[in-house]
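> Sequence and computational prediction follow.
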Amino acid sequence: MRALIDLFRLDTSDAELARAQFKSFSRQMPLLYAILVCNALAITITYADVTAPFSTLVAPLAMCAYALQRALWWWRQPTAAATLSDAKIAYYIRRTCRLAVIMTLAFEGWCMWIYPAGNAYAKGNLTFFLGLTEVSTVFCLMTLRAAAMRTAVACTLPFALYFSWVDQGQWLAQTIVLCLVSTGMMVVTLRYNEAFSQLVRSRATLRKRQLETEKLSEENRRIAFSDPLSGLPNRRELLARLDRLESRHDLPANTLAVLFIDLDGFKAVNDEHGHQAGDALIRSVCLRLSQHCPPHSTLARVGGDEFAVVIEGPDAESSALILGRALLEEIALPVLVDRHVLQVGGSIGVAANTDVEGRPRELLRRADTAMYHVKTRGKGQVAVYDVGFDEGRLRRLTIEAQIGRGLDRGEFEVFYQPIVDAQSGAIVSVEALLRWPRRPEGPLPPDEFIDIAEATGQIHPLGLFVLERACRDAALLDGLKLSVNVSPAQFRDPAFERQVMHVLEQTRFPPSRLQLEITEGYLLANPERVVGAVESFKAAGMSVALDDFGTGFTSIHYLRSYGFSHIKIDKSLLTGLAPGSKATMLVTGAITLACGLDMQVIAEGVESEMQANLLRAAGCHELQGYLFGRPMPLEELQRARDIARRAAGETVRLVG
Ligand code: C2E
Ligand code: MG
Ligand code: MG
């Protein structure tokens, strides 16, 4: 029973469904009123009687006028439906339900009122149009279940009661038919409504999903085209913008420039202070770069520590150069992260569309190449692209591939250069120097491939290979000390200390015979790390020497604080060594100072007796250079040592 009552209940709680119902039936409403008017007029024509003007003329005409006014109102609604509030729609639906029943009853009441006055033809006409009105009303309101059901009942019940009884039941058959039709219509209405609300609901779900998908794809787009750390456009977005510029064929020469920026020393920050500190540094650099870039320029983060700026305007090349220099200063400003002062530098390449081939995407490549050129020439500069840079880069890329191949094939070898005691001339130590026969292209000196291996990370396997091989070889050189070069990248690696200890364990080489050499340039950039590493190596019994002293800017006194036990004077300081020359005074001063600070001094690149004598006189402890022996394979060194031992039997005791 409750379920039956529910079929007649009006429910506007589902706003989405109510709106859809309103939209659907409001389109039918003018038609419904038009049918009502026509049917009323059709009945009026057969019943018009001047003797009873109120019931046969005034009443139907008043009903028609009201119906027309309602039709007009509904006519305007479909366009307004989208702007109506949910509450308004619910109100109109409730009103329609009410009015549908009232109008139906009014029409039916009027029909029953005038029915007795008609002849047989008029009566037949009236019952036909009354039935027709009911059917069309229910059909027009079908999407609004409550209204359709109530109308069907409100119309059928009085009809059945009245017409099964009036005129000795002559309309009984028609009444039964109408009752059956009404029941059928109600069943159809229920089914149709069910399908309709299901459709509306699935459409709503679909729309919700579509909105979610759109939101998701917008988010995906944002992620795909921007860098999550800085919020700046990423490489993909930059390329898209460059492509848009590429399609513009009206770009005058030298109006577009690209700057490619790479941070110097960022990897060290990450290694030593962790990725969080690295991220904070990147964010701070991004902020400063974006504050300095001109309006309408594009600043993008194209890699971990790589950025690109695209600028447009007259004389783009010069503007980019000026901007590049300003950005370098900004990048170099120290940043405070977690009570650590972090500092990085920058290398910048610039390329402008000064020639026809300088299309936007090509400019990015050129600026990158120019940046790469800066990297190989000491960093911290801005360089404008030159065609020659491409050759250099290609060469470096080729060497990089060859190093990889060389490592796989075990092509690398280690040579040893003797280091002699300055006073006795006896070999006291050897420096391990990497050699690469590089087959089939021919040998390549370490100066030309070590920095490439550093940049690519290949220095790690290469450096470990040298250390291990040298320790195994030097174990055969009874009592000699061994010096091994360590590149800054290895020194930076927190795992390096552990790796060295592991090699020493494996080769059983005594730590006290091992000396690590590190170049001066690295000290300035990473003082904290150097002090820590030197300390731990010394604690393990090794000694650490500062290589190539004189090529950097560090004072000897400053070096003392790092804890180095030895310094190696670079060969460049030895050129011009002659009695009484300025070079001699300089080297002598440096040696005196180092000795005063308890550091041993080794001079490298000694080629003449005169240089050796001057260095000896200045107090230098050990000498290394072609004068005493070139770098040579282990066997050759052993042979040379044997010959030297035989020639001066005494010396053996000194070094053994
Ligand atoms: P370095 O460590 O300063 O090594 C000394 C360089 O001077 C060696 O060059 C050596 O052959 C050269 N030399 C020695 N005596 C003389 C001389 O009397 N006159 C002249 N003109 N040169 C002399 P090499 O072997 O070409 O190595 C160059 C640089 O490559 C080394 O400089 C070192 O920085 C680097 N290197 C070599 N092997 C390794 C290695 O295994 N690991 C790392 N990280 N670097 C290495
Ligand atoms: Mg060295
Ligand atoms: Mg050196």
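Good, I have the coordinates. Ligands and ions are numbered 1, 2, ... in the order given.
> Could you use CA atoms for every contact and neighbour count after this?
Noted.
> Return the residues in contact with L68.
For L68, the contacting residues are Y33, A34, V37, by CA atoms under 8 Å, 6 or more residues apart in numbering.
> gap between the helix or strand in which it is found and the chain center?
Take DSSP states H and E as the rule and L68 turns out to sit in helix 59-80. The chain centroid and the centroid of helix 59-80 are separated by 61 Å, computed with CA atoms, centre = their mean, to the nearest Å.
> Spell out which parts of the protein neighbour ligand 3.
Counting by CA under 5 Å from the ion, the chain comes close to ligand 3 at D547, D548.
> picking that back up, CA-only coordinates of the helix holding L68, as CSV, when you get a sec.
Presented in CSV, the C-alpha positions along helix 59-80 are these (Å, rounded to 0.1, in the frame of the first residue of the first chain):
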residue,chain,number,x,y,z
ALA,A,59,-16.9,29.2,-18.9
PRO,A,60,-15.1,27.5,-21.8
LEU,A,61,-13.7,30.8,-23.2
ALA,A,62,-12.4,31.7,-19.7
MET,A,63,-10.8,28.3,-19.5
CYS,A,64,-9.3,28.7,-22.9
ALA,A,65,-7.9,32.2,-22.1
TYR,A,66,-6.3,30.9,-18.9
ALA,A,67,-4.9,27.9,-20.8
LEU,A,68,-3.4,30.2,-23.5
GLN,A,69,-1.8,32.4,-20.9
ARG,A,70,-0.3,29.3,-19.3
ALA,A,71,0.9,28.0,-22.7
LEU,A,72,2.6,31.3,-23.3
TRP,A,73,4.3,31.2,-19.9
TRP,A,74,5.6,27.7,-20.6
TRP,A,75,6.7,28.6,-24.0
ARG,A,76,9.2,30.9,-22.5
GLN,A,77,10.6,28.5,-19.9
PRO,A,78,12.9,26.1,-21.8
THR,A,79,15.4,28.9,-22.4
ALA,A,80,15.2,30.1,-18.8
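> I'd like the mean pLDDT over that helix, please.
What helix 59-80 shows for mean pLDDT is 87.
> Quick check: which helices or strands does the next helix or strand after it pack against?
Toward the C-terminus, helix 59-80 is succeeded by helix 86-114 as the next helix or strand (DSSP H and E). If you count contacts as 3 or more CA pairs under 8 Å, 6 or more residues apart in numbering; DSSP states H and E, helix 86-114 packs onto helix 15-47, helix 120-140, helix 145-163.
> Check the offset of stretch 500-507 from the chain's centre.
What separates the centre of stretch 500-507 from the centre of its chain is 41 Å, taken as CA atoms, centre = their mean.
> go on, stretch 228-242?
Distance of stretch 228-242 from its chain centroid, counting by CA atoms, centre = their mean, is 8 Å.
> same deal with stretch 309-325?
So, by CA atoms, centre = their mean, the centroid of stretch 309-325 is 26 Å from its chain's centroid.
> list the buried ones in it?
The neighbour-count check on stretch 309-325 (16 or more other CA atoms under 10 Å) flags 309-312, 315-317, 319-321, 323-325 as buried.
> give me the number of residues near whichever residue of the chain sits closest to ligand 3?
The minimum distance from the chain to ligand 3, using CA to the ion, falls at D548 (4.1 Å). The number of residues packed near D548 is 21, by other CA atoms under 10 Å.
> so when I look at it, I'm seeing a helix, right?
No: read with DSSP: H, G, I helix; E, B strand; the rest coil, D548 is strand and lies in no helix.
> That one touches E520, doesn't it?
Yes: when contacts are counted by CA atoms under 8 Å, D548 is listed as touching E520 (6.5 Å).
> List the backbone torsions phi and psi for E411.
When read as degrees, to the nearest 10, the backbone of E411 gives phi -80, psi -20.
> So what's the residue count around the nearest residue to T175 once chain neighbours are set aside?
Spatial nearest neighbour of T175, excluding adjacent residues (CA to CA, 6 or more residues apart in numbering): A160 at 5.5 Å. A160 has 17 neighbouring residues, counting by other CA under 10 Å.
> Would you enumerate the residues in contact with the residue minimising distance to the centre of the chain?
Residue closest to the average C-alpha location in the chain (CA atoms, centre = their mean): D227, at 3.8 Å. Contact analysis of D227 by CA under 8 Å, 6+ apart lists P233, N234, R301.
> looking at those, which has the most residues close by?
Greatest neighbour count in the contacts of D227, by other CA under 10 Å, goes to R301: 26 neighbours.
> neighbours around the nearest residue in space to that residue that is not next to it in sequence, how many?
Nearest in space to R301, with sequence neighbours left out and distances taken as CA to CA, 6+ apart, is F307 at 4.4 Å. By other CA under 10 Å, 23 other residues sit near F307.
> Double-check that F307 belongs to a helix.
No: assigned with three-state DSSP, F307 falls outside any helix and is strand.
> Now do the same contact list for it.
Under the criterion of CA under 8 Å, 6+ apart, the neighbours of F307 are F260, I261, D262, L299, A300, R301.
> any idea how far R288 is from it?
From F307 across to R288, the span is 12 Å (CA to CA, to the nearest Å).
> and what of N220?
For N220, the distance to R288 - CA to CA - is 27 Å.
> residues making contact with stretch 499-510?
By CA under 8 Å, 6+ apart, the residues outside stretch 499-510 that reach it are L464, L467, E468, C471, R472, A475, P511.
> Likewise for stretch 42-54?
The contact list for stretch 42-54 (CA under 8 Å, 6+ apart) reads T56, L57, P60, I114, A117, G118, A122, N125, L126, F129.
> Under a three-state scheme, what state does the residue nearest to S347 when sequence neighbours are not counted occupy?
Spatial nearest neighbour of S347, excluding adjacent residues (CA to CA, 6+ apart): G380 at 4.8 Å. What three-state DSSP gives for G380 is coil.
> Wait, G380 touches V344, no?
No: here G380 does not reach V344: they are 9.6 Å apart, not a contact under CA under 8 Å.
> Look up the residues forming beta bridges with the residue nearest to R301.
For F307, the beta-bridge partners under DSSP bridges are I261, R301.
> Give me the distance between it and V382.
Taken as CA to CA, the span from F307 to V382 is 14 Å.
> Can you say which helix or strand has the residue in the stretch 151-300 of the chain that ligand 1 sits nearest to in it?
For the stretch 151-300 of the chain and ligand 1, the shortest gap (CA to the nearest ligand atom) falls at A268, measuring 16.6 Å. Using DSSP H and E, A268 maps to helix 266-273.
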